[in-house]
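*Asks:* Provide a 3D model corresponding to the input given below.
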Amino acid sequence: MPIKGMDHFTVLTADLNKTLEFYTALLDLTAGPRPAFADRGAWLYADNHPVLHVMADAKMPAETAGVLDHMAFRVTDLPATAARLKAAGIKFLLKRQVPTHTWQIFCHDPSGAKVELDFSPDEPPPAGVPDFKYPTTLEVAP
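*Replies:* Purely as a prediction, here's the structure:
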C-alpha cells in the first residue's frame, strides 16, 4: 500500500473566525463543503480539494505545536503574499532553500501552527527586499 500523496492537515483553533480569515483572506484557500459534524469547524480548499480541516471545539493542547512542526503549501506571487502578511500585521521569516533557491515564507496562524509557503525560485523578491541567495534568512516585521 504505497502512499500516493498528502490529503490534508487538521488544525485546532480557539478562534475559528481569526483562523478562517488567516487561511482564506491571506492565503486564498476557499471554505467549502464539510460533513455535518457535531463540532464547529471548516474545510478549506485549494483547487477543489479540501487540504486543511479546521476544528474549533476540540480541546487545545498545552503544547500548541505538538509533534507536527509545520505544514507547507506551494504558492504563487511572492510579492503580493508578503505584502498581504505585512498589511495584516503578521511577522514572517523569508528564506531561500538550499540548493534549489526556492523562496520560502515561514509564519504562524492565529492558533500558533507554523505555516511554510513555497514559491518558485524565479519569482521576484517582495518589495523592499533585495534578491538574495541562500543561506540568508530575513525576519520581516509588519
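
*Asks:* what's the next secondary structure element after whichever helix or strand Val115 is part of?
*Replies:* According to DSSP states H and E, Val115 maps onto strand 114-119. Next helix or strand after strand 114-119 toward the C-terminus (DSSP H and E): strand 137-140.

*Asks:* And the strand holding Val115, what does it pack against?
*Replies:* Secondary-structure packing of strand 114-119 (3 or more CB pairs under 8 Å, 6 or more residues apart in numbering; DSSP states H and E): strand 71-74, helix 78-87, strand 103-108. C-beta coordinates here come from the backbone N, C-alpha and C atoms, glycine included.

*Asks:* which outside residues touch the last one?
*Replies:* If I follow you right, that is strand 103-108. 70, 78, 81-82, 85, 90-97, 114-121, 123, 125 (CB atoms under 8 Å, 6 or more residues apart in numbering).

*Asks:* Now tabulate the helices and strands packed on strand 114-119 in TSV and tack on mean pLDDT and mean neighbour count.
*Replies:* As requested, the helices and strands packed on strand 114-119 are exported to TSV (pLDDT from 0 to 100; neighbours: other CB atoms under 10 Å):
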stretch	mean pLDDT	mean neighbour count
strand 71-74	91	15
helix 78-87	94	17
strand 103-108	93	20
